[in-house]
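Q: attaching a predicted model along with its sequence, questions to come.
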Amino acid sequence: MRLEPIANPSLARSTLPPALAIAATVVVASLLAMLAGANPFAVLGLILKGAAGSQFAMLETLNRATPLIFTGLAVAVAFRARLWNIGAEAQLYAGALMTVVLGTGALQWPAAALLPMLVLVAMLAGAVVLLVPALLKVRFGVDEVVTTLLFNFIFLLFISLLLEGPLKDPMGMGWPKSERLIAEARLPRIVEGLRLHWGFALALIAAALVWVIQRRTTLGYEMRAVGLNREAARFAGIPVNAVLIKTALLSGGLAALAGFSEVAGVKGSLTLDLSPGFGYTGIIVAMLALLNPLGVIAAALFVAGIFVGADSMSRAVGVPTYLADIMLATALLLMVLAILLTRFRAVRE
C-alpha cells in the first residue's frame with residue numbers, strides 16, 4: 001500500500017473525514033463517561049448545557065475562547081508558512097508583561113490612547129520573542145521547534161523572577177503577582193456584571209484581518225508559497241527568509257494579544273497562572289481549523305465550550321474534568337488523520 005496525492009478532492013471528501021473525526025470524538029467521550037459510571041447522554045447534555053445553556057454559560061464560553069482565538073491565529077499563521085511556532089505561551093506572557101509594565105501607572109493617559117498603545121507594545125514584545133528563534137532558523141538553520149518550545153520555560157521562569165522581585169505587588173500579601181492595572185488600562189465589559197470583555201471583539205477583528213492578509217495580499221501569497229514548497233518559492237524569486245521573518249513577527253504579535261486580553265480584560269494583574277496552557281491549546285485550535293483564520297473562531301469556540309461545559313458537568317455528576325483534555329487530544333489526533341484522508345488515497349501496489 002502507498003499514499004497517492006489527490007489533485008482536486010471533492011467537497012464530500014474534504015468535509016466527510018473531519019465530520020467523522022468530531023463524531024468519533026463524541027463516541028470516545030461517551031465511552032469514557034460510561035467507564036466513569038455516568039450516563040453518557042447525560043454527560044454530553046450537561047457539557048452542552050454548561051457551555052451554551054444560558055446567557056452566563058455562553059458569555060463564559062466566549063470569554064474562554066478569546067485567548068484561544070489569538071493563540072490559534074498565531075499558530076495558524078506560522079504553520080501556514082511552515083514556521084513551527086510552539087512558543088505561543090512565551091509570546092503570550094511577553095504581551096502580558098508589557099501590558100503590566102505600562103498599564104500600572106507608567107503612562108497616565110486616557111483609555112482611548114492608552115489601550116491602543118498597550119496593544120501595539122504587547123504585539124511588539126511578542127514579535128521580538130519569536131523573532132529570535134526565526135533569526136536562528138534563517139541564519140544558522142536551528143530547529144525552531146526546539147527553540148520556541150524552550151522559550152516557553154525560559155520566559156515563564158523570567159516572569160517568576162520578576163514577580164518575586166521588581167514587579168511584585170507590595171500590597172499583595174506576599175503572593176507573587178504584579179500590581180493591578182489602572183482603570184484606564186482595563187478593557188470594558190461587554191455585558192455589565194459578567195466577564196466577557198471587548199478583547200473578544202478584538203479577536204474577531206484580528207481573525208478577519210489575518211484572513212484578508214492571507215487571501216488578498218502579496219505577503220499572504222508568499223506565505224502560502226513558502227509553506228507549500230520553500231525551494232520552489234525561492235526559485236520563483238520569493239525572498240524566503242524575509243517571508244519567514246515577517247511571518248514570525250505577525251505570529252508572535254498575535255499570540256501576545258492573548259496575554260494583553262487576559263490581563264486587561266480578565267485578571268487585572270500578572271500572575272504565574274495567567275495562562276493554563278492557552279499557547280499549547282492554540283495548536284489544537286489551529287489544527288482543528290485546518291489553519292483557516294476564520295475557522296479558528298469556530299474551533300476556539302468548540303474547544304472553549306468543551307472546557308467550560310466540562311467544568312459544569314463535573315460539578316453535576318462527578319465525572320473528572322480531565323474528560324475535556326481527553327476529548328481535545330482525541331479530536332486533534334483524529335483531525336490529523338482526517339486531513340491525511342482528505343489529501344491522499346491509499347493505493348494497493
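A: Arrived safely, thanks for sending.

Q: what segments of the stretch 1-150 of the chain are helices?
A: Listed in chain order, the helices of the stretch 1-150 of the chain (DSSP state H, counting those that start in this stretch) span residues 11-35, 40-52, 55-80, 88-103, 111-140, 144-163.

Q: in the first one, what counts as buried?
A: Residues 14, 17, 18, 21, 24, 25, 28, 29, 30, 32, 33 are the ones in helix 11-35 that count as buried (16 or more other Cβ atoms under 10 Å). All C-beta atoms are positioned from the backbone trio N, CA, C, and that covers glycine.

Q: and it, what other elements does it pack with?
A: helix 40-52, helix 322-343 (3 or more Cβ pairs under 8 Å, 6 or more residues apart in numbering; DSSP states H and E).

Q: that older thread, how about the helices of the stretch 1-150 of the chain in JSON lines, adding mean pLDDT and distance to residue 229?
A: Written out in JSON lines, the entries for those read as follows (pLDDT from 0 to 100; distance: least, Cβ to Cβ, whole Å):
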{"stretch": "helix 11-35", "mean pLDDT": "82", "distance to residue 229": "21"}
{"stretch": "helix 40-52", "mean pLDDT": "88", "distance to residue 229": "40"}
{"stretch": "helix 55-80", "mean pLDDT": "96", "distance to residue 229": "13"}
{"stretch": "helix 88-103", "mean pLDDT": "96", "distance to residue 229": "25"}
{"stretch": "helix 111-140", "mean pLDDT": "96", "distance to residue 229": "17"}
{"stretch": "helix 144-163", "mean pLDDT": "95", "distance to residue 229": "18"}
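
Q: picking up where we left off before, and the helices and strands packed on helix 11-35: which comes nearest residue 306?
A: Using Cβ to Cβ as the measure, helix 322-343 is the one of the helices and strands packed on helix 11-35 that comes nearest residue 306, at 4.9 Å.

Q: for stretch 307-326, measure first residue to last.
A: In stretch 307-326, first residue to last residue: 11 Å (Cα to Cα, to the nearest Å).

Q: name the SS class of the closest residue to residue 75 other than its chain neighbours, please.
A: Distance criterion Cβ to Cβ, 6 or more residues apart in numbering; nearest residue to residue 75, sequence neighbours excluded, is residue 286 at 3.9 Å. Per DSSP: H, G, I helix; E, B strand; the rest coil, the local secondary structure of residue 286 is helix.

Q: residue 286 reaches residue 293, doesn't it?
A: No. The criterion here is Cβ atoms under 8 Å, and residue 286 misses it with residue 293 at 9.5 Å.

Q: so residue 272 is in contact with residue 160, correct?
A: Yes. In terms of Cβ under 8 Å, residue 272 counts as a neighbour of residue 160; the distance is 5.9 Å.

Q: comparing these two, which residue is more hemmed in?
A: In this comparison of residue 272 against residue 160, neighbours counted by other Cβ atoms under 10 Å, the higher total goes to residue 272 at 15 against 12.

Q: for that one, give me phi and psi.
A: According to degrees, to the nearest 10, the main-chain angles of residue 272 amount to phi -70, psi -30.

Q: can you pull the contacts of it?
A: Contacts for residue 272 (Cβ atoms under 8 Å, 6 or more residues apart in numbering) come out as 156, 159, 160, 163, 176.

Q: try 7 Å
A: 159, 160, 163, 176 (Cβ atoms under 7 Å, 6 or more residues apart in numbering).

Q: coming back round to it: select, out of the helices and strands packed on helix 11-35, the one closest to residue 79.
A: When those are ranked by distance to residue 79, counting by Cβ to Cβ, first place goes to helix 322-343 at 11.9 Å.

Q: and the gap between the most centrally placed residue in the chain and residue 242?
A: Central residue of the chain (Cα atoms, centre = their mean): residue 71, 2.3 Å from the mean position. As defined by Cβ to Cβ, to the nearest Å, residue 71 lies at a distance of 25 Å from residue 242.
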